[in-house]
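Student: Predicted model, plus sequence, below.
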Amino acid sequence: MKKINTKQIDRRSFLQATALAGGGVMVGLYAPEVLSQAPGGRGGGQGAPAALNPSFYVTINPDNTFRIVGKNPETGQGIKNALPMLIADEMDVAWSQVQVADADLDPRYASSAGIGAGQIEGGSTAIPQNYTGMRNVGAAARMMLISAAAQQWSVPEDQLTTTGNGSVRHATSNRTATYASLASRLPSITAPAIANVKLKNPADFKIIGKDIGGVDNMKIVTGQPLFSVDQNFPGMLHAVLEKCPVFGGRPVSANVDEIKRLPGIKHVFLVDRVAIQGQGQGLVPGVAIVADNWWNAQNARKSLKVVWEEGAVATQSSIGYATQAKDLAAASATALPAGGGPAPTIVGDVDAVFAGIAANPASGKIVEAEYMIPLIAHAPLEPQNSTAIFKDGKLEIWSPSQIPALANAAQGAGIPNTDVTMHLVRAGGGFGRRLASEYDTEVAKVARLVTEERAAAGLPAVAVNLLWSREDDMQHDNYRPGGFHYFKAAVDSTGKLVAFRDFVASVSSVSPAGEYPRGFVPNFWVGVRNVAPFNIPTGALRAPGTNGVSFIMQGIMDEIAVAAGKDPLQWRIDVLNSPFTPPPPPAPPAGAPAPAGGGRGGPGGGGGAGGFNASRAIGVLEAVRDMSNWNTARARLPRGTGMGVAFQFAHAGYVAYVVEASVDANKKIKINRAWAAIDIGRQVVNTSMARNLVEGGFVEGMSHTMAWEITIDKGRVTQGNFAQYVPARMGNMPATLEVKFLQTDNNPTGLGEPSLPPAVPAIVNAIAHATGVRIRSLPIKNSGYSWT
Amino acid sequence: MPNYTVRVNGRSVQTGEVPAEMPLLWVLRDTLNMKGTKFGCGIGACGACTVHLNGNAVRSCSTRIDAVGVVTTGTAAATVPANRAVVTIEGLSADGSHALQKAWMEVDVPQCGYCQAGQIMSAAALLARTPRPNDEQIATAMNGNVCRCGTYLRIRQAINIAAGRR
């Protein structure tokens, strides 16, 4: 990254660069329909109407460096690299010439055919929905610069090439012109229509498909302010919001005056609920404490005495949900109780198969098993927070949201969307937690209250950072739904899967009605009945739809293979090679609301990006088999060591893991090695971040496997901090994790989500192979296991 | 409330009036406006707030300011004993030239990056004492630092590189 010194830009060159706001020419023309919808006063915060901003996507600086906007929220998935890399490569500039800039929330980046897909982080959608659009932006810029050079030299465009470092070359006359020297001509050059944009041959990529280090790495390793919680402004105040520990509760009264007298405390407010459509809990009512520093505000909570109206959820508990699930399963052992929910998904007749095997035991084998996954919290390392200032009736906010939206802040402050300016800032982890944006609503509300109270005292407006404690974060999340699954399945005498039945006692659970082995077994039944009441907020966590279901489905399939006396990897391939005439699409999952906050999970885990392709699943299984030397190594493992496999189709990607793990007599587990084979299409954008995301997905899977669960007691969360919600740590790491990307002729897709789900069953299946003991309930610490 | 003088990254600075039990983390972040040291858990369970105190890696969220600073009387900074010297990520090197910072860049360790300052400070304390740690020593020294994104394999690789082992 080259650093630009703005002082070096003199007035003339600044005007040149501004004319390049005609660089707005470059992009503005792409999406006139979006521009025409742009309300004034958004984005730049200067109150300007929808005038083009010189930094919309690309600014050509006088020193021939290039400022490229990374428009999407960055929480560690690497999109702040990936999208600008796509533009830069097609523009044919060197990455060392690029400075990546953060974006504001701006309607000009909204979804538009051929350009991009808004400013959203969720569902591993940023690459599939922006891959071509960002390339179009860069390629159009390159074409326009060639047109500019053709004008300047009066030569035909087809005699001109670009050099890969931001210059146009005319070989015949041996002339070269930097993009910067051509920039002043751009406003008069018509941008090409999307259909006429010429993209590079991927063989000519110089940036895409390479290891490109994170654009913020230097700031990260030197501790420069960067994250949401690092925002700082003169006189800024710090806020906490004490919420009712019971979901749905509210404060009736509090010792506000006493708290106001504590050291450093500036303001104390009882805050009412602000419900926001599609925003989960919205602003939960509570007591806001505002102080000169965060610790004073947080420390005052120890003295806070609140009378809570806890509400109806205080009667609910995890133990109660589990008891209800068992009762529902008993009532649904042969058929679903009438009237209690939607009809089951039925293919063929599983009961006839089970009856036939019962009558003639030599004709097959029946496997029955109960699986359970818990609620889990996201626990990003940066607790929820946001920063805002309310001044002159308008709000300016610095948001770490994955789906930033003006409305979240506007409704908190009680002002129109058009009076909000929202800047997007890097967040310390997302994992789906920041799909909900309560902190934006909270800080907007509190910032307004602070400004009004200060104004009454003759004081000017100041910014407020509202920061949750770790306990707030863990106890007021939108949790990954749990689930109780009651399986009965059958293989025939040759080991072929012939019947598969799953009853789901749902706690907002994901139904596997469309999940593998659906479509590969002639008799299939999935029914769902709801545990009720269940009023714990749930939402999308990394790979919603498959992150827990993968453990369940790849676990039961593994034990069916073992019961059939088959190699579990080859048996999976055999099943995939035996498609059953695909039935019509399944009905919506019974009683299961769509994942909150726009998560794109669902049956099959396709993430809305296409159907399940068995040959791609076979491809990753065969690759990981060969990488791990499965066929020979697995038979030679020492006693107490096992190898397990799992695969998953998740959010348009295919991932298979093999794990080698050792388990000692005290149930101490060491993951020795792991292998991952991945098919996310024909092009990985940033190979370094891609491998990093796979390693991270596997490590997250270790946390899910061993330790992570959220339990409810009297309507409140039991766990509060990392001491009770223990993440995988350095000492738990395998010696190696080999990652291989298969290049297949499919559209590129994202990787944030697909890398997680099958890690969990691969680990548990390895333990089963090592010990002969099948674990059917997460987390496995509850079965007495721990890491070495 | 007392006004403490603390010695941070080689400079004596005054905190202004803060409670004696206020953790060093919040003095650094909110009083001295040094945002490199991060808040993750508040109970010393995640390591995001790791700094060096007298060369040892400590969790600044659980280190009281009165254990680090010296009460200032009058306007001049108090004298802080050498064994109370604090080094934060900002003081490791201003320009990213510390061997660990360079290795972190080379390996492209971060995902979200939020934990990495704490990781680097724990690793720096390790290398200062054990210049060529083996993987077991790395695991022991780094086990208190959570990386929610799961970059441990790269952290281990970067420490090995900084230790001169490729």
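Tutor: Nice, I can see it. Numbers count the residues shown, from 1 in each chain, chains lettered A, B, ... in the order given.

Student: Residue A:657 - that's part of a strand, no?
Tutor: Yes. Assessed with DSSP: H, G, I helix; E, B strand; the rest coil, residue A:657 lies in a strand.

Student: Identify the residue nearest it in space, chain neighbours excluded?
Tutor: Spatially, and ignoring its direct neighbours in sequence, residue A:657 is nearest to residue A:762 (3.8 Å; CB to CB, 6 or more residues apart in numbering or on different chains). To be clear about C-beta, it is placed using only N, CA and C from the backbone, and glycine gets the same treatment.

Student: pLDDT (mean, whole number) over the strand or helix carrying the one you found?
Tutor: Using DSSP states H and E, residue A:762 falls within helix A:759-771. Throughout helix A:759-771, pLDDT has a mean value of 98.

Student: And stretch B:83-93, by the same measure?
Tutor: On average, stretch B:83-93 scores 97.

Student: and residue A:88, that's in a strand?
Tutor: No. Under three-state DSSP, residue A:88 sits outside any strand and is assigned helix.

Student: Pull the number of nearby residues for the closest residue to it other than its chain neighbours.
Tutor: With CB to CB, 6+ apart as the measure, residue A:98 is the residue that lies nearest to residue A:88, at 5.1 Å, once sequence neighbours are left out. By the other CB atoms under 10 Å in any protein chain shown criterion, the neighbourhood of residue A:98 contains 24 residues.

Student: List the buried residues for stretch A:566-579?
Tutor: The neighbour-count check on stretch A:566-579 (16 or more other CB atoms under 10 Å in any protein chain shown) flags A:566, A:567, A:568, A:569, A:570, A:571, A:572, A:573, A:574, A:575, A:576 as buried.

Student: To clarify, my last question referred to stretch B:8-20.
Tutor: B:8, B:9, B:12, B:13, B:14, B:15, B:18, B:19.

Student: same thing with stretch A:352-370?
Tutor: Using 16+ other CB under 10 Å as the test for burial, stretch A:352-370 gives A:353, A:354, A:356, A:357, A:364, A:365, A:366, A:367, A:369, A:370.

Student: can you tell me which two in these are farthest apart?
Tutor: Maximum pairwise distance among the buried residues of stretch A:352-370 (CB to CB): 23.5 Å, between A:356 and A:370.

Student: coming back round to it: other SSEs contacting the helix holding residue A:762?
Tutor: When contacts are defined as 3 or more CB pairs under 8 Å, 6 or more residues apart in numbering or on different chains; DSSP states H and E, helix A:759-771 packs onto helix A:549-563, strand A:641-650, strand A:653-663, strand A:668-679, helix A:687-706.

Student: Just put these in a markdown table and tack on mean neighbour count and mean pLDDT.
Tutor: Listed next are the helices and strands packed on helix A:759-771 as a markdown table, based on neighbours: other CB atoms under 10 Å in any protein chain shown; pLDDT from 0 to 100:
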| stretch | mean neighbour count | mean pLDDT |
| --- | --- | --- |
| helix A:549-563 | 25 | 98 |
| strand A:641-650 | 27 | 97 |
| strand A:653-663 | 28 | 98 |
| strand A:668-679 | 22 | 98 |
| helix A:687-706 | 25 | 98 |
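
Student: Surely residue A:72 and residue A:122 touch.
Tutor: No. Taking CB atoms under 8 Å as the definition, residue A:72 is not a contact partner of residue A:122, at 10.0 Å.

Student: Look up the pLDDT of residue 140 for me, please.
Tutor: You didn't say which chain, so I picked chain A. Reported pLDDT for residue A:140: 87.

Student: actually it's chain B I care about, not the one you picked
Tutor: 97.
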